[in-house]
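A.B. asks: got a predicted structure plus its sequence, pasted below:
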Amino acid sequence: MHVLWNDQIVERDDVRIDIEDRGYQFGDGLYEALRIYNREMFMFDEHFARLQRCAAEIRLQLPFTKPELKKNLDKLIAAEKITDGEIYFQLSRGTLSPRDHRIPSFDEVKPVVTGSVIPYERPVDKQKKGETACLVEDKRWLHCNIKSLSLLGNVLSLDEARQKGYDDALLVRDGFFTEASASNLWFVINGVLYTHQDGNLVLPGITKLRLLEIARSEGITVKEEAVPVSKLGQIDECFVSNSIWEVVPVVNIDGKPVNNGKLGAITSLLQKKYIEWINR
(Lines give C-alpha, C1' and ligand atoms only; values in the text may rest on other atoms or scores of the structure.)
Protein backbone atom coordinates (compact mmCIF):
# COMPACT_ATOMS: atom_id res chain seq x y z
CA MET A 1 0.00 0.00 0.00
CA HIS A 2 1.34 3.41 -0.98
CA VAL A 3 1.05 6.34 1.42
CA LEU A 4 2.08 9.97 1.54
CA TRP A 5 4.97 10.73 3.90
CA ASN A 6 5.93 14.39 3.91
CA ASP A 7 6.53 15.02 0.18
CA GLN A 8 7.10 11.44 -0.90
CA ILE A 9 4.90 8.54 -2.01
CA VAL A 10 6.30 5.46 -0.27
CA GLU A 11 5.29 1.99 0.84
CA ARG A 12 3.41 2.05 4.15
CA ASP A 13 6.01 -0.12 5.89
CA ASP A 14 8.71 2.43 5.08
CA VAL A 15 7.11 5.19 7.20
CA ARG A 16 8.78 5.93 10.54
CA ILE A 17 7.21 8.27 13.09
CA ASP A 18 9.30 9.38 16.06
CA ILE A 19 7.98 8.48 19.54
CA GLU A 20 8.18 12.17 20.49
CA ASP A 21 6.10 13.37 17.56
CA ARG A 22 3.68 15.95 18.98
CA GLY A 23 0.76 14.41 17.12
CA TYR A 24 1.37 11.18 19.01
CA GLN A 25 2.02 12.83 22.38
CA PHE A 26 -0.38 15.78 22.38
CA GLY A 27 -2.76 15.30 19.45
CA ASP A 28 -1.05 18.47 18.22
CA GLY A 29 -2.04 18.54 14.59
CA LEU A 30 -4.79 18.72 11.99
CA TYR A 31 -6.43 16.43 9.45
CA GLU A 32 -8.79 16.41 6.50
CA ALA A 33 -10.80 13.64 4.86
CA LEU A 34 -12.08 14.03 1.31
CA ARG A 35 -14.14 11.99 -1.12
CA ILE A 36 -12.75 11.01 -4.49
CA TYR A 37 -15.15 10.75 -7.41
CA ASN A 38 -13.87 9.62 -10.81
CA ARG A 39 -10.24 10.01 -9.66
CA GLU A 40 -10.78 13.64 -8.58
CA MET A 41 -10.78 15.05 -5.05
CA PHE A 42 -14.15 16.65 -4.35
CA MET A 43 -14.16 20.27 -3.11
CA PHE A 44 -10.40 20.26 -2.51
CA ASP A 45 -10.26 24.07 -2.47
CA GLU A 46 -12.81 24.27 0.34
CA HIS A 47 -11.04 21.59 2.36
CA PHE A 48 -7.72 23.39 1.95
CA ALA A 49 -9.27 26.71 3.01
CA ARG A 50 -10.52 25.05 6.21
CA LEU A 51 -7.09 23.53 6.79
CA GLN A 52 -5.50 26.97 6.46
CA ARG A 53 -7.97 28.49 8.92
CA CYS A 54 -7.45 25.70 11.45
CA ALA A 55 -3.67 25.97 11.09
CA ALA A 56 -3.90 29.67 11.92
CA GLU A 57 -6.07 28.84 14.95
CA ILE A 58 -3.39 26.53 16.42
CA ARG A 59 -0.47 28.68 15.22
CA LEU A 60 0.86 26.00 12.88
CA GLN A 61 2.75 26.97 9.73
CA LEU A 62 1.81 24.72 6.83
CA PRO A 63 4.84 23.06 5.24
CA PHE A 64 3.29 23.11 1.76
CA THR A 65 1.36 25.31 -0.64
CA LYS A 66 -2.04 24.31 -1.97
CA PRO A 67 -0.61 23.26 -5.39
CA GLU A 68 2.14 21.25 -3.69
CA LEU A 69 -0.31 19.35 -1.49
CA LYS A 70 -2.70 18.70 -4.36
CA LYS A 71 0.11 17.40 -6.56
CA ASN A 72 1.22 14.92 -3.88
CA LEU A 73 -2.31 13.73 -3.12
CA ASP A 74 -3.01 13.27 -6.84
CA LYS A 75 0.16 11.16 -7.05
CA LEU A 76 -1.11 9.04 -4.16
CA ILE A 77 -4.48 8.49 -5.84
CA ALA A 78 -2.71 7.47 -9.05
CA ALA A 79 -0.30 5.15 -7.23
CA GLU A 80 -3.19 3.28 -5.61
CA LYS A 81 -5.29 3.37 -8.81
CA ILE A 82 -8.34 4.71 -6.97
CA THR A 83 -11.38 5.79 -8.99
CA ASP A 84 -13.91 6.36 -6.21
CA GLY A 85 -12.71 6.49 -2.63
CA GLU A 86 -11.70 8.35 0.47
CA ILE A 87 -8.43 10.19 1.01
CA TYR A 88 -7.24 11.07 4.49
CA PHE A 89 -4.23 13.18 5.34
CA GLN A 90 -2.91 14.75 8.51
CA LEU A 91 -0.05 16.82 9.73
CA SER A 92 1.40 16.96 13.21
CA ARG A 93 3.47 19.87 14.42
CA GLY A 94 6.46 17.53 14.34
CA THR A 95 9.02 16.15 16.75
CA LEU A 96 10.55 18.08 19.64
CA SER A 97 12.83 16.28 22.05
CA PRO A 98 12.73 16.29 24.98
CA ARG A 99 8.93 16.48 25.30
CA ASP A 100 7.74 20.00 26.06
CA HIS A 101 4.23 21.46 26.33
CA ARG A 102 5.24 24.79 24.81
CA ILE A 103 4.59 25.33 21.11
CA PRO A 104 7.92 25.32 19.29
CA SER A 105 8.67 27.65 16.41
CA PHE A 106 8.72 26.49 12.79
CA ASP A 107 12.50 26.90 12.83
CA GLU A 108 12.78 24.39 15.70
CA VAL A 109 10.58 21.65 14.33
CA LYS A 110 9.06 20.81 10.95
CA PRO A 111 5.53 19.38 10.58
CA VAL A 112 5.15 15.73 9.63
CA VAL A 113 2.64 14.97 6.85
CA THR A 114 1.06 11.58 6.27
CA GLY A 115 -1.80 10.47 4.05
CA SER A 116 -3.59 7.38 2.78
CA VAL A 117 -6.29 6.55 0.27
CA ILE A 118 -8.79 3.69 0.11
CA PRO A 119 -11.57 2.69 -2.29
CA TYR A 120 -15.00 3.69 -1.05
CA GLU A 121 -18.40 3.46 -2.71
CA ARG A 122 -21.41 5.61 -1.89
CA PRO A 123 -23.21 4.03 1.13
CA VAL A 124 -26.52 3.73 -0.72
CA ASP A 125 -28.12 1.32 1.77
CA LYS A 126 -27.31 3.59 4.71
CA GLN A 127 -28.59 6.61 2.81
CA LYS A 128 -31.92 4.87 2.14
CA LYS A 129 -32.51 3.07 5.43
CA GLY A 130 -30.88 5.59 7.76
CA GLU A 131 -29.34 5.12 11.18
CA THR A 132 -30.40 5.20 14.81
CA ALA A 133 -29.06 7.64 17.36
CA CYS A 134 -29.35 8.63 20.98
CA LEU A 135 -28.71 11.83 22.88
CA VAL A 136 -25.27 12.11 24.49
CA GLU A 137 -23.95 15.01 26.53
CA ASP A 138 -21.41 17.02 24.54
CA LYS A 139 -18.33 16.91 26.77
CA ARG A 140 -15.82 17.95 24.12
CA TRP A 141 -13.52 20.94 24.38
CA LEU A 142 -14.55 24.44 23.27
CA HIS A 143 -12.63 24.54 19.99
CA CYS A 144 -14.76 22.11 17.97
CA ASN A 145 -14.36 24.40 14.94
CA ILE A 146 -10.73 23.19 14.69
CA LYS A 147 -10.33 19.91 12.80
CA SER A 148 -7.83 18.67 15.34
CA LEU A 149 -6.24 15.25 15.72
CA SER A 150 -7.58 15.36 19.30
CA LEU A 151 -10.83 13.43 18.75
CA LEU A 152 -11.12 11.52 22.03
CA GLY A 153 -14.32 13.37 22.98
CA ASN A 154 -15.93 12.33 19.69
CA VAL A 155 -14.71 8.76 20.07
CA LEU A 156 -16.12 8.47 23.59
CA SER A 157 -19.50 9.92 22.58
CA LEU A 158 -19.85 7.43 19.73
CA ASP A 159 -18.82 4.57 21.99
CA GLU A 160 -21.44 5.61 24.55
CA ALA A 161 -24.11 5.46 21.85
CA ARG A 162 -22.85 2.10 20.58
CA GLN A 163 -22.83 0.69 24.10
CA LYS A 164 -26.52 1.58 24.28
CA GLY A 165 -27.25 -0.15 20.98
CA TYR A 166 -27.43 2.91 18.69
CA ASP A 167 -25.48 3.75 15.55
CA ASP A 168 -24.56 7.31 16.43
CA ALA A 169 -24.61 10.02 19.09
CA LEU A 170 -26.47 13.32 18.82
CA LEU A 171 -24.50 15.68 21.02
CA VAL A 172 -26.23 18.06 23.41
CA ARG A 173 -24.64 21.02 25.17
CA ASP A 174 -26.57 23.19 27.63
CA GLY A 175 -29.91 21.92 26.34
CA PHE A 176 -29.18 22.43 22.62
CA PHE A 177 -28.13 20.04 19.86
CA THR A 178 -24.67 20.73 18.46
CA GLU A 179 -23.71 17.95 16.02
CA ALA A 180 -23.34 14.20 15.74
CA SER A 181 -20.22 12.27 16.74
CA ALA A 182 -18.49 12.85 13.38
CA SER A 183 -21.03 14.75 11.30
CA ASN A 184 -23.02 17.95 11.07
CA LEU A 185 -26.57 17.56 12.32
CA TRP A 186 -29.80 18.75 10.63
CA PHE A 187 -33.48 18.86 11.59
CA VAL A 188 -36.67 19.59 9.68
CA ILE A 189 -39.42 21.15 11.81
CA ASN A 190 -42.65 22.35 10.14
CA GLY A 191 -40.92 22.51 6.76
CA VAL A 192 -37.98 24.58 8.02
CA LEU A 193 -34.44 23.18 7.81
CA TYR A 194 -32.30 23.78 10.90
CA THR A 195 -28.59 23.27 11.51
CA HIS A 196 -26.31 24.71 14.20
CA GLN A 197 -24.64 27.96 13.22
CA ASP A 198 -20.90 27.87 12.66
CA GLY A 199 -18.80 28.78 15.67
CA ASN A 200 -16.54 27.19 18.23
CA LEU A 201 -19.08 24.50 19.22
CA VAL A 202 -19.30 22.75 15.82
CA LEU A 203 -17.03 21.98 12.90
CA PRO A 204 -17.85 24.07 9.81
CA GLY A 205 -18.55 21.19 7.45
CA ILE A 206 -17.64 21.22 3.77
CA THR A 207 -20.71 19.15 2.85
CA LYS A 208 -22.77 21.42 5.09
CA LEU A 209 -21.55 24.41 3.09
CA ARG A 210 -22.82 22.92 -0.15
CA LEU A 211 -26.10 21.65 1.33
CA LEU A 212 -26.96 25.12 2.59
CA GLU A 213 -26.56 26.48 -0.95
CA ILE A 214 -28.63 23.65 -2.43
CA ALA A 215 -31.43 23.98 0.13
CA ARG A 216 -31.78 27.72 -0.46
CA SER A 217 -31.70 27.27 -4.23
CA GLU A 218 -34.56 24.75 -3.87
CA GLY A 219 -36.66 27.28 -1.95
CA ILE A 220 -36.32 25.54 1.41
CA THR A 221 -36.41 27.90 4.39
CA VAL A 222 -33.13 27.50 6.27
CA LYS A 223 -32.29 28.61 9.79
CA GLU A 224 -28.72 28.35 11.02
CA GLU A 225 -29.43 28.15 14.70
CA ALA A 226 -29.22 25.63 17.51
CA VAL A 227 -32.29 23.46 18.07
CA PRO A 228 -33.27 22.97 21.72
CA VAL A 229 -33.78 19.43 22.99
CA SER A 230 -37.23 20.54 24.11
CA LYS A 231 -38.28 20.47 20.42
CA LEU A 232 -37.37 16.82 19.99
CA GLY A 233 -41.05 15.83 19.81
CA GLN A 234 -41.66 18.33 16.98
CA ILE A 235 -38.95 17.00 14.66
CA ASP A 236 -40.31 15.82 11.29
CA GLU A 237 -36.95 14.75 9.80
CA CYS A 238 -33.37 14.43 10.95
CA PHE A 239 -30.17 13.71 9.06
CA VAL A 240 -26.41 13.98 9.34
CA SER A 241 -23.91 15.06 6.71
CA ASN A 242 -20.20 14.66 6.14
CA SER A 243 -17.83 14.37 3.21
CA ILE A 244 -17.67 10.58 3.30
CA TRP A 245 -21.32 9.59 3.89
CA GLU A 246 -22.80 12.64 2.08
CA VAL A 247 -26.37 12.72 3.52
CA VAL A 248 -27.70 10.00 5.85
CA PRO A 249 -31.11 10.14 7.58
CA VAL A 250 -31.53 9.52 11.29
CA VAL A 251 -34.73 7.48 11.51
CA ASN A 252 -34.82 6.74 15.24
CA ILE A 253 -33.77 8.91 18.19
CA ASP A 254 -33.68 7.45 21.69
CA GLY A 255 -35.87 4.54 20.58
CA LYS A 256 -38.57 6.72 19.01
CA PRO A 257 -39.10 6.69 15.21
CA VAL A 258 -38.55 9.87 13.20
CA ASN A 259 -40.90 10.23 10.22
CA ASN A 260 -42.22 6.73 10.97
CA GLY A 261 -38.67 5.42 10.67
CA LYS A 262 -38.42 6.34 6.98
CA LEU A 263 -36.43 8.65 4.76
CA GLY A 264 -38.08 12.09 4.74
CA ALA A 265 -39.01 14.16 1.69
CA ILE A 266 -36.60 17.05 2.32
CA THR A 267 -33.76 14.70 3.24
CA SER A 268 -34.41 12.71 0.06
CA LEU A 269 -34.45 15.86 -2.05
CA LEU A 270 -31.14 17.07 -0.62
CA GLN A 271 -29.56 13.65 -1.16
CA LYS A 272 -30.62 13.72 -4.81
CA LYS A 273 -29.56 17.31 -5.47
CA TYR A 274 -26.22 16.85 -3.73
CA ILE A 275 -25.40 13.82 -5.89
CA GLU A 276 -26.48 15.74 -8.98
CA TRP A 277 -24.13 18.56 -8.00
CA ILE A 278 -21.27 16.04 -7.58
CA ASN A 279 -21.97 14.55 -11.00
CA ARG A 280 -21.87 17.99 -12.61
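C.D. replies: Everything's here; your move. Residues are numbered from 1 along each chain as shown.

A.B. asks: which residues touch the spatially closest residue to residue 154 that is not a sequence neighbour?
C.D. replies: The shortest distance from residue 154 to any non-neighbouring residue, by CB to CB, 6 or more residues apart in numbering, is to residue 181 (5.2 Å). In this view, the C-beta of every residue, glycine as well, is placed from N, C-alpha and C. Counting by CB atoms under 8 Å, 6 or more residues apart in numbering, residue 181 touches 136, 154, 155, 157, 158, 161, 168, 169, 171.

A.B. asks: restricted to buried residues, select those in PyMOL.
C.D. replies: Here is the PyMOL selection string for the buried members of the contacts of residue 181, based on 16 or more other CB atoms under 10 Å:
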select buried, resi 136+154+157+158+161+168+169+171
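
A.B. asks: mind picking the one among the contacts of residue 181 that's closest to residue 52?
C.D. replies: Nearest to residue 52, judged by CB to CB, of the contacts of residue 181 is residue 154 at 22.3 Å.

A.B. asks: distance of that closest one from residue 30?
C.D. replies: Computed as CB to CB, to the nearest Å, the residue 154 to residue 30 distance reads 15 Å.

A.B. asks: give me the pLDDT for residue 110.
C.D. replies: Note for residue 110: predicted pLDDT of 94.

A.B. asks: residues contacting the spatially closest residue to it that is not a sequence neighbour?
C.D. replies: Take residue 110 and drop its neighbours on the chain: the residue closest to it by CB to CB, 6+ apart is residue 94, 5.1 Å away. With contacts defined as CB under 8 Å, 6+ apart, the neighbours of residue 94 are 21, 22, 104, 109, 110, 111, 112.

A.B. asks: do residue 9 as well
C.D. replies: 2, 3, 72, 75, 76, 79.

A.B. asks: OK, contacts around the residue of the chain most remote from its centre?
C.D. replies: Going by CA atoms, centre = their mean, the residue of the chain most distant from its centre is residue 98, 32.7 Å out. Each residue near residue 98 by CB under 8 Å, 6+ apart is listed here: residue 20.

A.B. asks: any idea how far it is from residue 107?
C.D. replies: The value you get for residue 98 to residue 107, if CB to CB is used, is 18 Å.

A.B. asks: ok so, going back, mark which of the contacts of residue 9 are buried, thanks.
C.D. replies: Here, 16+ other CB under 10 Å leaves 2, 3, 72, 76, 79 buried among the contacts of residue 9.

A.B. asks: so the third one, which state does it fall into?
C.D. replies: Each residue gets one of three states, and residue 72 gets helix by DSSP: H, G, I helix; E, B strand; the rest coil.

A.B. asks: test my guess that it contacts residue 5.
C.D. replies: No: contact criterion CB atoms under 8 Å: residue 72 and residue 5 do not qualify, at 9.8 Å.

A.B. asks: where do the strands sit along the stretch 51-200 of the chain?
C.D. replies: Assigned by DSSP state E, counting those that start in this stretch, the strands in the stretch 51-200 of the chain fall at 85-92, 112-119, 131-137, 168-173, 176-180, 184-189, 192-195.

A.B. asks: what sits up against the first one?
C.D. replies: Yep, that's strand 85-92 we're talking about. 4, 21-24, 28-36, 41, 60, 62-63, 69, 73, 76-77, 111-120, 149, 244.

A.B. asks: just the buried residues of that strand, please?
C.D. replies: 85, 86, 87, 89, 90, 91, 92.

A.B. asks: what would these look like in CSV with distance to residue 51?
C.D. replies: Rendered in CSV, the data for the buried residues of strand 85-92 read as follows (distance: CB to CB, whole Å):
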residue, distance to residue 51
85, 19
86, 16
87, 13
89, 9
90, 10
91, 9
92, 14
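
A.B. asks: residue 16: which of these is nearest?
C.D. replies: Closest to residue 16, out of all of these and judged by CB to CB, is residue 92, at 13.5 Å.

A.B. asks: setting aside sequence neighbours, what's the nearest residue to that closest one?
C.D. replies: That would be residue 23: by CB to CB, 6+ apart, it lies 2.7 Å from residue 92.

A.B. asks: so for the host helix or strand of the one you found, what gets flagged as buried?
C.D. replies: Under the criterion DSSP states H and E, the helix or strand holding residue 23 is helix 22-26. For helix 22-26, the neighbour count (16+ other CB under 10 Å) marks 22, 23, 24, 25, 26 as buried.
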